[in-house]
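Engineer: predicted model follows, preceded by the sequence.
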Amino acid sequence: MPETTSRPPGPGRLRLGPSPARWWALAALSLSLLVVGLDTYVLNTALPTLSVKLGAATSQLQWITDAYTLAMAGVLLPAGQLGDRLGRRALLLGGLALFGVASVITSQVHTVGELIAMRAVMGVGAAVIMPLSISVLPTLFPGDAERRRAVAVTAICTRLGMPAGPLLAGWMLTHFAWGSVFLINGPIAALSLVGVALLVPESKGETGRLDWAGALLAAAGLAAVVYGIIEQPDRGWAPPVLTALAGGAALLAAFTARQLRVAAPLVDLRLFASRGFTWGSVAFAVVSFAMTGVLFVLTPYLQVVQGADAQATGLRLLPMIGAMLVSAAVIEKSSLRLGPRTVIAVGMAVSAAGLVVLCWAPAGGGYGVPAVALAVFGAGLGLSLPLSVDVVLATLPATAAGAGNALNRALQRIAVCLAPAILGSVLNGAYRARLAGLPTAATAGVAAAHAVARRLPAAAGRPLVSAANHAYLHGVVEVALISAAVLAVGALLVLRFLPGGRSAVGESRVSPHFNEVNPGIHSVRPR
């Protein structure tokens, strides 16, 4: 089985080596990740408008988001393996085309049902784009330093959607019809598609038949678990939720058993024998959990408690992105001097410190404390996120780059789904406990409390707004402290278990029996 195969470069296609065209190829790949990240935050901003224009109920609004998440979770693992076997560039082009065309069609739908269905199709496209855009980086940048720099660029581009999404969505919704928030994906996806087609070389890993039975087990199991996680906060431990979680766990157990015995597994779970892969993936999932949960509770704080509109909210997230850019720029030198293990752990600790600073945020106006907290939090993200992805990349056998990255992304996707469910429940519990005895409508959420206050006389409305703001801030503080604790524990685990030294991957060997079971998969390359 070949380790990696690349087609000879044709006219207009990238030639490997010192050519600066590699960086143009990286720009095309970064665009593919930007459009996926941008879409998420654009949609979050547009949901109130969609509720009015389409007459969508709260449960339908939730499924506009959840259909995308479920489809993405179910397709991630098969997409990575298909890329390894059919060609990563070819499948990435297909994912970009699907995402772009589906986005344009979504902009023209007229009913909630149609919108939910098209969001699921977009989720399939995103499930192809996310792992394969990263898995081709070792082919483009075989050297450690350049690969690390490239991973940092893609990580930043993925996160640019956080401030850009609300800014862009707010402007589009002000000047154009609601469908424009999906239409903007089309040109970005098309530009990325052209760049990938012209500049990114084809690469393949494993050959042979795809484990379709394993793919079905993985897709159904992940979708069921994610569905249970999504529904639990609203439905509690109702029978459908328990059935989904138990059924999903059983399917994933069957998937695991199958992967350990088939000759050509969908994802070779012996990758977890590499401490670099395992603890790099854990670090990536932990940081993603904290980031998703904090942004989930912080956006309503900025918009409702502090009164910022969508565009102003985007601007207020810029300190985090700016700090990420600055800290990501020092990754190369710091990782060479200190080693990835230390830098990742320090990044997680810095992000935890930023969340502690957030505990001093005011219940009314005043942006100074949140700005400092976001900047410190973002500085830590810039150190930990790209480097944890790079550690995983460096430990993957070249034949399984797509499948390994898909597994890493699947773990991250579960963490991203868990964050709103767990931390949202913490927030709601803290909020409602502080407002016990007030009208039920006010305890439903801080936005609902403000709506109730607007219908009351000013003398009664102002105390209600103040109480709701303080109650919500109390919930934000609890979420921040829990997230900081998760990051601190994660940092300690990384220091303890991630291979150390100046190269985290040099000590991250897979099991010595790995190649005996899978003779075509090479062990991790020493650094």
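Structural biologist: Thanks, I have it. Note that the coordinates shown come from a computational prediction; the quantities given were computed from them, not determined experimentally. Numbers count the residues shown, from 1 in each chain.

Engineer: next, the buried residues of stretch 257-273.
Structural biologist: For stretch 257-273, burial by neighbour count (16 or more other Cβ atoms under 10 Å) applies to R258, Q259, A264, P265, L266, V267, D268, R270, L271, A273. Any C-beta I mention is one placed from the backbone N, CA and C, and that applies to glycine too.

Engineer: that one: how far from the chain's middle?
Structural biologist: 25 Å (Cα atoms, centre = their mean, to the nearest Å).

Engineer: look at it and report the distance between its end residues.
Structural biologist: 16 Å (Cα to Cα, to the nearest Å).

Engineer: ok, W63 touching G113?
Structural biologist: No. Contact between W63 and G113 fails when scored by Cβ atoms under 8 Å: they sit 9.5 Å apart.

Engineer: same drill for the two, tell me which one is more crowded.
Structural biologist: More crowded of W63 and G113, by other Cβ atoms under 10 Å: W63, with 20 against 12.

Engineer: check which helix or strand covers the more buried one.
Structural biologist: Using DSSP states H and E, W63 sits within helix 58-86.

Engineer: state the pLDDT value of the residue of the chain positioned farthest from its centre.
Structural biologist: In the chain, the residue that sits farthest from the middle, by Cα atoms, centre = their mean, is A459; the gap is 44.1 Å. Listed pLDDT for A459 reads 79.

Engineer: state the three-state secondary structure for it.
Structural biologist: In three-state terms, and counting by DSSP: H, G, I helix; E, B strand; the rest coil, A459 is helix.

Engineer: and it, how far from H470?
Structural biologist: Distance of A459 to H470, computed by Cβ to Cβ, to the nearest Å: 18 Å.

Engineer: please apply the same query to V200.
Structural biologist: Noted for V200: a distance of 52 Å to H470, by Cβ to Cβ.

Engineer: which one's more surrounded, these two?
Structural biologist: V200 (25 against 16).

Engineer: that one against L29, yeah?
Structural biologist: Yes. Counting by Cβ under 8 Å, V200 touches L29, with 7.0 Å between them.

Engineer: between the two, which contacts overlap?
Structural biologist: Here V200 and L29 have V136 as joint contacts, going by Cβ atoms under 8 Å, 6 or more residues apart in numbering.

Engineer: grab the nearest non-local neighbour of E478.
Structural biologist: Leaving aside its chain neighbours, E478 sits nearest to A430 (4.8 Å; criterion: Cβ to Cβ, 6 or more residues apart in numbering).

Engineer: measure that neighbour to V477 for me?
Structural biologist: From A430 over to V477 (counting by Cβ to Cβ), the distance is 8 Å.

Engineer: kindly report the same for D66.
Structural biologist: Distance of D66 to V477, computed by Cβ to Cβ: 28 Å.

Engineer: same deal with R159?
Structural biologist: To V477, R159 is 24 Å away according to Cβ to Cβ.

Engineer: cool, G445 as well?
Structural biologist: Per Cβ to Cβ, G445 is found 17 Å from V477.

Engineer: ok, now V136?
Structural biologist: For V136, the distance to V477 - Cβ to Cβ - is 42 Å.

Engineer: same deal with P463?
Structural biologist: 21 Å.

Engineer: those two: who's more crowded?
Structural biologist: Between P463 and V477, counted using other Cβ under 10 Å, V477 has the larger neighbour count: 19 against 11.

Engineer: for that one, list the residues it contacts.
Structural biologist: V477 makes contact with L358, C359, according to Cβ under 8 Å, 6+ apart.

Engineer: where along the stretch 51-200 of the chain do the helices fall?
Structural biologist: Remark: helices assigned in the stretch 51-200 of the chain by DSSP state H, counting those that start in this stretch are 58-86, 88-106, 112-135, 137-140, 144-159, 161-175, 180-183, 185-199.

Engineer: hmm, I was thinking of the stretch 301-450 of the chain
Structural biologist: 310-316, 318-329, 331-338, 340-358, 368-395, 401-434, 440-443, 446-454.

Engineer: isn't A353 up against V376?
Structural biologist: Yes. A353 lies in contact with V376 (Cβ under 8 Å); the separation is 5.8 Å.

Engineer: higher neighbour count, the two?
Structural biologist: It is V376, of A353 and V376, that has more neighbours when counted by other Cβ under 10 Å, with 22 against 18.

Engineer: hmm, A349 and the more buried one touching each other?
Structural biologist: No. V376 is beyond contact range of A349, at 10.7 Å (criterion: Cβ under 8 Å).

Engineer: tell me, how many residues neighbour F497?
Structural biologist: Other residues lying near F497 total 15 when counted by other Cβ under 10 Å.

Engineer: leaving out the residues flanking it, which one is nearest to it?
Structural biologist: W279 (4.9 Å).
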